[in-house]
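In: Dropping the sequence and predicted coords here.
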Amino acid sequence: MARIKIDLDRTIGTVDARIFSGFIEHMGRCIYGGIFEEGSPLGDERGFRRDVMQAIRGLRLPILRWPGGNFSSGYHWVDGVGPRDRRPRRMELAWRAEESNRFGTDEFVEYCRAVGTEPYICVNIGSGTMDEAQAWVEYCNGTGNTYWANLRRQNGHADAFGVKYWGLGNEIYGSWQIGSLSAEDYVKKAVQFAHVMKRTDPSIELVGCGKFGLDDWDRIVLEGLAAHIQWYSIHIYTGSEQYYTNVFVPHQAERALRSCRALIDRVRYAQGIRHPIHVAYDEWNVWYRARANTNWEEQYDLSDSLAAATYLNVFVRHCQTIRMANISEVVNIIAPIMTSPQGLYLQTTYHPLQLYAQHTRPVALDAYVECETYDLTGEEDTSRLRGRAVADLGPFKLLDVAATRDADGRQLTLAVVNRDRDRDWPTTIHVVDRGVDGGVAYEVNGRDPKVRNSFEEPDAVVVRERPLAVAGQRFEYTFPAHSTTVLCLELSRP
Ligand code: AHR
């Protein structure tokens, strides 16, 4: 028997809904053939796939990051504005592709409006210049009678786009990145970019390029850039063919968040920086099958859905540090939504993303969880953490829990991931000083951890909803093996 005890007064902090954000990139079939397909019977007059928009709306993404990723480090945004037929078709070096430029800044912002999300643009700090970045901010946000703002008007957009979030480059530390830089060189370049971008629109928020590396990148970059940024980005992809490693390795995100939090605190204190700097985990996902020499279209199974839910629980528990997280990516490429020219299906990972975005409440609670643990020590490390051993993060509780409540203490949401591959876990749930007065249970599950959704079998893993006839301060609930359960509970005073 496991036990979960909730005290509504033991708050951790406020959960920022921006942790349920997304990312799209010019990579494989994410944009072309994913969200944008001109001439498709499933597309609207703008070329936006209607079925994809509906699925994206279901995820309630507060922010959408674009255009990359690695793509951004070679992207010249001017190629992607103006009459579509006159835009240049370019060699695309990040993914060794061809870029038609038929989807550019105007289309991206319009897409964001259509699906109800805020645009976040990552500028080209690889092959790009600060003039280009400055012009991009002016094109999007300029209100004066100036060249780039007038070009936007000429392109049919009288009102400024008001793009608030701007990334100062992507993974620019990596040898795979176009124009990769040392930490010192990145700081010099990023400070110059930040200067002209902020002078163009002081209201924008800038995201510095973090690494969570084993070298000195994070210290050097934070020391040099902290005064200029509101966000510090990190990326983590995890995954393993070994079930228990796959479902536990997202706890690496806790290590990354603790480490970044400490570095940010230290630098802010040392430099007397008053403004907050939050972590933007602007690329996260399970990604290990469809890597090099593939089309990057990861086919997710149920165990990956448990890993995704564990990531989300981590983000909720670390809500004081992380205020933005972007599932990478949203369509086709390592994505919860998979399309063909004829339709789409939802991958196993779609369901926890949707449930958490819908049911997470604004106040995070420190849940007490008593249950059996699992130790990876002694097992072959298949985590691909390059020396940052996953076993050290354990032993892992088989039940991973994130608890949130509304401001008034009338609604409680318990998100419980039962990572036990084989056993259901009967659990006593105890809410201190409150009575539970019914609720609803949503469960993501399937016949076994390896099961996947597909065009042939789109509902192998789905969400099952059932009313909960529970009452009193204590009740019992059984969390089935390999499941994610979101319990939405109504509370009353006992
Ligand atoms: O999301 C795919 C790629 O993964 C991104 O382009 C890059 O930033 C990361 O390495």
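Out: In hand now; what should we look at? On a predicted model such as this, the values are computed, not experimentally measured, just so you know.
In: of all of this structure, which residue lies closest to the ligand?
Out: Nearest to the ligand in the chain, going by Cβ to the nearest ligand atom, is Gly69, at a distance of 2.6 Å. Every C-beta, even on glycine, is put in place using the N, C-alpha and C of the backbone.
In: for that residue, what are its contacts?
Out: By Cβ atoms under 8 Å, 6 or more residues apart in numbering, the residues touching Gly69 are Phe23, Glu25, His26, Met27, Ala94, Cys122, Asn170, Glu283, Ser328, Glu329.
In: Next to the ligand, which bits of the stretch 251-400 of the chain? Give me the list.
Out: For the stretch 251-400 of the chain, the contact set with the ligand under Cβ under 6 Å from any ligand atom comprises Glu283, Ser328, Glu329.
In: what helix or strand is the first one on?
Out: Secondary structure assigned from DSSP states H and E places Glu283 in strand 278-286.
In: chain center to the helix or strand following that strand: distance?
Out: Next along the chain after strand 278-286, taking DSSP H and E as the criterion, comes helix 302-317. With Cα atoms, centre = their mean, to the nearest Å as the basis, helix 302-317 stands 11 Å off its chain's centre.
In: for stretch 284-303, same thing?
Out: The answer for stretch 284-303 is 16 Å, by Cα atoms, centre = their mean.
In: can you start the count at 325 instead of 1 from here on
Out: Okay, using 325 as the starting number, the last item reads as stretch 608-627.
In: CA atoms of it as CSV?
Out: The C-alpha coordinates for stretch 608-627 follow below in CSV (Å, rounded to 0.1, in the frame of the first residue of the first chain):
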residue,chain,number,x,y,z
TRP,A,608,12.6,19.0,-23.8
ASN,A,609,11.4,15.6,-24.8
VAL,A,610,12.1,11.9,-25.1
TRP,A,611,14.3,11.4,-28.1
TYR,A,612,16.6,8.5,-28.7
ARG,A,613,15.3,6.3,-31.5
ALA,A,614,15.0,8.6,-34.5
ARG,A,615,18.3,10.4,-34.3
ALA,A,616,21.1,10.5,-36.9
ASN,A,617,20.3,9.3,-40.5
THR,A,618,16.6,9.2,-40.0
ASN,A,619,13.7,11.6,-40.6
TRP,A,620,13.6,12.3,-36.8
GLU,A,621,10.0,11.1,-36.6
GLU,A,622,10.1,9.4,-33.2
GLN,A,623,7.3,6.8,-32.7
TYR,A,624,6.3,7.1,-29.1
ASP,A,625,5.2,4.2,-26.9
LEU,A,626,3.4,4.2,-23.5
SER,A,627,6.7,4.3,-21.6
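In: ok, back up a step: what lines up beside the strand holding Glu607 in the sheet?
Out: Next to strand 602-610 in the sheet, as set by DSSP bridges, lie strand 555-562 (parallel), strand 646-652 (parallel).
In: And the chain, split by domain according to the record?
Out: Domain assignment of the chain by automatic domain parsing yields the ranges 327-332+689-815, 339-685.
In: one step back: from the contacts of Gly393, which land in strands?
Out: The strands, defined by DSSP state E, take in Phe347, Cys446, Glu607, Ser652 from the contacts of Gly393.
In: Determine the number of other residues adjacent to the last one.
Out: Right, the one you point to is Ser652. 24 (other Cβ atoms under 10 Å).
In: do the second one as well
Out: In terms of burial, Cys446 registers 26 neighbours under the definition other Cβ under 10 Å.
In: Looks like it contacts Asn394 (just checking).
Out: No: assessed by Cβ atoms under 8 Å, Cys446 is found out of contact with Asn394, at 10.3 Å.
In: Need the residues touching each of the two.
Out: Asn494.
In: Asn465 - nearest residue in space that isn't next to it in sequence?
Out: Distance criterion Cβ to Cβ, 6 or more residues apart in numbering; nearest residue to Asn465, sequence neighbours excluded, is Asp525 at 4.4 Å.
In: the helices in the protein, which residues?
Out: In the chain, the helices defined using DSSP state H lie at 374-383, 429-439, 454-465, 471-478, 507-524, 541-549, 567-572, 576-595, 626-641, 674-683.
In: winner for burial among those helices?
Out: helix 626-641 (a mean of 27; mean count of other Cβ atoms under 10 Å).
In: and the angle from it to helix 576-595?
Out: 30 degrees (axes from the mean of the first three to the mean of the last three Cα atoms, to 10 degrees).
In: Could you pull up the mean pLDDT of helix 626-641?
Out: Taken as a whole, helix 626-641 carries a mean pLDDT of 98.
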